[in-house]
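Peer 1: Quick one, what's the 3D model for this:
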Amino acid sequence: MFNLATFIGQSIVFVIFVGICVKFIWPPAINAMRARQQRIAEGLENAEKAERALAESNEEAENVLRNARAEGQKIIDAARKQGASMIEDAKAEARLEGERILEAARAEVSQESNRARELLRNDVATLAVAGAERILESDIDRGKHAELLDQLVKEL
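Peer 2: Residues are numbered from 1 along each chain as shown. Next up, the predicted model:
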């Protein structure tokens with residue numbers, strides 16, 4: 001009977017222990033597990049929201065980059081067109097300047113040619129008078145000489 005009394009005593013202590021556990025320990029443990037389960041569920045939900053927000057941000061970033069690339073390409077194309085236009089304008093201006101310089105050079109050459117002709121006429125007239133003086137071996141009047149030279153210049 002000794003074993004039976006020990007068994008009954010241990011059973012009563014076990015039942016009291018289980019009753020105390022059910023009354024005082026089990027509800028806080030269950031509440032703690034439920035709170036932890038709720039925090040885990042909220043964490044998972046927040047992770048999913050963050051993942052969706054990240055996907056949306058990535059998509060928005062891609063759109064911004066795509067737009068920036070397109071805008072950059074437009075700016076580059078406009079700069080190329082403006083550069084080509086500036087080059088063409090500079091070429092046209094250079095052609096006009098070259099033509100103006102060429103025309104000025106032609107005019108200067110024409111003037112120099114006319115001056116050379118006049119000098120040559122004067123020299124020819126002077127040589128002709130000098131030759132005529134030597135041939136005639138007489139002095140010609142300078143006033144008449146000037147008139148003759150002017151007529152000779154006009155004829156040449």
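Peer 1: can we go C-alpha only for contacts and neighbour counts from here?
Peer 2: Fine.
Peer 1: Backbone dihedrals for I30, both of them.
Peer 2: The phi and psi values for I30, taken as degrees, to the nearest 10, are phi -60, psi -40.
Peer 1: how close does it get to K23?
Peer 2: Distance, I30 to K23, by CA to CA, to the nearest Å: 12 Å.
Peer 1: likewise S85?
Peer 2: Distance, S85 to K23, by CA to CA: 92 Å.
Peer 1: cool, K81 as well?
Peer 2: Distance from K81 to K23, by CA to CA: 86 Å.
Peer 1: name the helices or strands packed onto the helix or strand hosting I87?
Peer 2: Per DSSP states H and E: I87 is located in helix 26-136. Applying 3 or more CA pairs under 8 Å, 6 or more residues apart in numbering; DSSP states H and E, one finds that helix 26-136 contacts helix 142-155.
Peer 1: count of residues packed around S11?
Peer 2: 12 (other CA atoms under 10 Å).
Peer 1: Spell out which helix or strand contains it, please.
Peer 2: In this structure, S11 is located in helix 2-20 according to DSSP H and E.
Peer 1: Which of the residues in that helix are classified as buried?
Peer 2: For helix 2-20, the neighbour count (16 or more other CA atoms under 10 Å) marks no residue as buried.
Peer 1: Count the residues that sit near L149.
Peer 2: Residues near L149, counting by other CA under 10 Å: 19.
Peer 1: Contacts only, for it.
Peer 2: Neighbour list for L149: N122, A125, T126 [criterion: CA atoms under 8 Å, 6 or more residues apart in numbering].
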